[in-house]
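> 3D, please:
(2 chains, ligands or ions: 2)
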Amino acid sequence: MIRFEGVSRKFGEVLAVDGLDLEVFDRELCVLVGPSGSGKSTVLRMVNRLVEPSEGLVFVDGREVGSLKVETLRLGIGYVIQGVGLFPHLTVAANVAVVPELLGWPKGRIARRVGDMLELVGLDPGRYGRRFPFELSGGEAQRVGVARALASDPPILLMDEPFSAVDPVNRLRLQTEFLAIQRTLRKTVVFVTHDVDEAIRLADRVAVLKSGRLIQYDVPETLLERPNSPFIADFVGADRALKRLSRFTVRDWMQPTAGTTDAAIAVDLDASLRDALSTMLGSRARTIRVHDRDHRPAGEIGLQDIERAAECGTR
Amino acid sequence: MRRRNLGPWAVFGALSAVFLVMTLDRSALAAFLSALFPREGELLYPRASLVVLVGEHLSLAAISSLLAAAVGIGAGVLATRPGLETFASAAGRLAAVAQTVPPAAVLALAVPAVGFGFAPTVAALFLYSILPIFRNTMSGLAGVDGEVVDAARGLGMGRARILRTVELPLAAPVIVAGLRTAVVVNIGTATVGATIGAGGLGAPIVSGLVNQNPAYLTEGAVAVALLALAVDSLFAAVGKSLATAAPDRAEGSI
Ligand SMILES: Nc1ncnc2c1ncn2[C@@H]1O[C@H](COP(=O)(O)OP(=O)(O)OP(=O)(O)O)[C@@H](O)[C@H]1O
Ligand SMILES: [Mg+2]
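Ligands and ions are numbered 1, 2, ... in the order given. Alright, predicted model coming up:
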């Protein structure tokens, strides 16, 4: 668990973080969201002491981070950096192996772990392990960044706009995959983004920052339904109902029986209900086909399923 | 997967083969010189064989370059550590001053201080070659992507480890380019040492000038030139393979 108590950080005259009190709960995915320059990265980097607070205290598992040896603290925290930051002179496998090697794991265990991690993020170890970072696409590099952060199985994961460098389609896929990984691993995650849609889609809890101050900290449903200020209402936007739908996946609300729907109009199992609704509106169909990754039919989903989800509280 | 470019190594091999034949095969060298200077009675420099001269010359250049590398790389590393910016500018100015002093002047000043021979020559070459090494180490390290270093820190690497496993390998091509300049210049400049009795390939050149024997002069000058070219091509090959071992996107993608 991570706790900020009265934390401020000044850079010269700029007050980047202003009197922050925040508790990130165990095994939750907390998203820090806010406009550019609102202090998100600074908050994140105070957890692993890449930035030291000017005032106040930060605790990880009840221990003040300043009291720990900085390398020890960091080895227990996975870190995915805004610009990926892969080591350009090391292969993909060597990049993923960095932290286990720092921890002195035996060679065999490291090799197995690297393979497992690459598979976890959807990269074939045989094909990608010996490549260099410059031989990867943006999305592949982001995946390697996530694999590297998870390699030593740290209980805490800090992610600074990890999916910002990829196109919208790939970003959606990375989000979906990451949600699936998080459902099984259940890490305590602090995730920074300036994209409200991404925040609503991924978060167990959202912290909205503005000019270094925490404006609202709530589960996404509450944030959408009861914004505590005009700023938040404005920030989450007028399409709140649609944003809520983005938290539900087709998989959870579809009907497994395939009727007589047109096979040409279909959504992916892992698509969100928002995407499903959009497809329906676009094709003027009230019920559409659902298929899996390999384009095999998996069932169908109708407008009434989406209404059911919209009325229901949480996912 | 990665194709190795052998071209630079072939150039190095060819140059060193020519150089070795010249130094080891005295009769071939004599034949070459007599073809150039058919009316010269004495063809080969009599006081020492080329092997000995090359040995002396290489130790002058190697010792001075090693010292300069240790000081230049060390200072370059220090100058790029956070909080040592004042040291960086002071060291930069000092090294620039050392560079502007001509080696002959250093020799003239060093002789009264440490006497004739080997030591003052090494001192002069050392001073002369710090700057390119220092400057390239600094710019190589400064050119390492800040995000990569940030990631290394965030993952839990200590400062020394980041320097050793991330910064220096990524800066290596630029540092090696600085070493190349320094070593090649030192090989050329080491000939000056013969004027104060340090030996080396400058000896037949000086003797050729004094005795008006163009064959001696050619023997020394051609050997220095070939040695410098061979060492230069060695550095080119090493630099090339370092650059492919640490590729960046700009080089890698076409
Ligand atoms: N090392 C630094 N030196 C000086 N100012 C800094 C430093 N780091 C951050 N700041 C300033 O602090 C403020 C908050 O920066 P921060 O990087 O935390 O914002 P952010 O919310 O992550 O923004 P973005 O979405 O653009 O990444 C900004 O005004 C920034 O200019
Ligand atoms: Mg940021």
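
> A helix includes A:Leu50, no?
No: secondary structure assignment places A:Leu50 outside any helix; it is coil (DSSP: H, G, I helix; E, B strand; the rest coil).

> report the contact partners of the spatially most central residue of chain B.
To find the centre residue of chain B, average its C-alpha atoms and take the closest one (Cα atoms, centre = their mean): that gives B:Val183, at 0.5 Å. For B:Val183, the residues meeting the contact criterion (Cβ atoms under 8 Å, 6 or more residues apart in numbering or on different chains) are B:61, B:65, B:129, B:231, B:235. (C-beta placed from N, C-alpha, C; glycine too.)

> which stretch of helix or strand covers it?
For B:Val183, the element it lies in under DSSP states H and E is helix B:168-189.

> list the buried residues of the next helix or strand after that helix.
Reading on from helix B:168-189 to the C-terminus, the next helix or strand found by DSSP H and E is helix B:202-210. Within helix B:202-210, the residues that qualify as buried by neighbour count (16 or more other Cβ atoms under 10 Å in any protein chain shown) are B:202-208.

> do the helix or strand hosting A:Glu71 and chain B meet?
If you go by DSSP H and E, A:Glu71 is part of helix A:70-75. Yes: for helix A:70-75 and chain B, the contact criterion (Cβ under 8 Å from any Cβ of the partner chain) is met by A:71-75.

> excluding chain neighbours, what is closest to A:Leu136?
Leaving out its chain neighbours, the residue that sits closest to A:Leu136 by Cβ to Cβ, 6 or more residues apart in numbering or on different chains is A:Val144, at 6.7 Å.

> wait, that neighbour sits on A:Val96?
Yes: contact criterion Cβ atoms under 8 Å: A:Val144 and A:Val96 qualify, at 6.7 Å.

> per-residue pLDDT, A:Leu120?
According to the prediction, A:Leu120 has pLDDT 91.

> roughly how far apart are the residue nearest to it when sequence neighbours are not counted and A:Gly126?
The shortest distance from A:Leu120 to any non-neighbouring residue, by Cβ to Cβ, 6+ apart, is to A:Ile181 (6.3 Å). When Cβ to Cβ, to the nearest Å is applied, the distance between A:Ile181 and A:Gly126 equals 21 Å.

> those two: which has the busier surroundings?
Neighbours were counted for A:Ile181 and for A:Gly126 using other Cβ atoms under 10 Å in any protein chain shown; A:Ile181 has more, 16 against 9.

> quick check: B:Ala182 touching B:Ala69?
Yes: taking Cβ under 8 Å as the contact criterion, B:Ala182 and B:Ala69 are neighbours in contact, 7.4 Å apart.

> export only the CA atoms of stretch A:125-132, formatted as PDB.
Output of stretch A:125-132 as PDB, limited to C-alpha atoms (Å, rounded to 0.1, in the frame of the first residue of the first chain):
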ATOM      1  CA  PRO A 125      10.200 -15.400 -26.900                       C
ATOM      2  CA  GLY A 126      11.800 -17.200 -29.800                       C
ATOM      3  CA  ARG A 127      11.100 -14.500 -32.300                       C
ATOM      4  CA  TYR A 128      11.600 -11.400 -30.100                       C
ATOM      5  CA  GLY A 129      14.100 -12.400 -27.500                       C
ATOM      6  CA  ARG A 130      17.200 -11.800 -29.600                       C
ATOM      7  CA  ARG A 131      16.000  -8.600 -31.300                       C
ATOM      8  CA  PHE A 132      17.300  -5.200 -30.400                       C
END
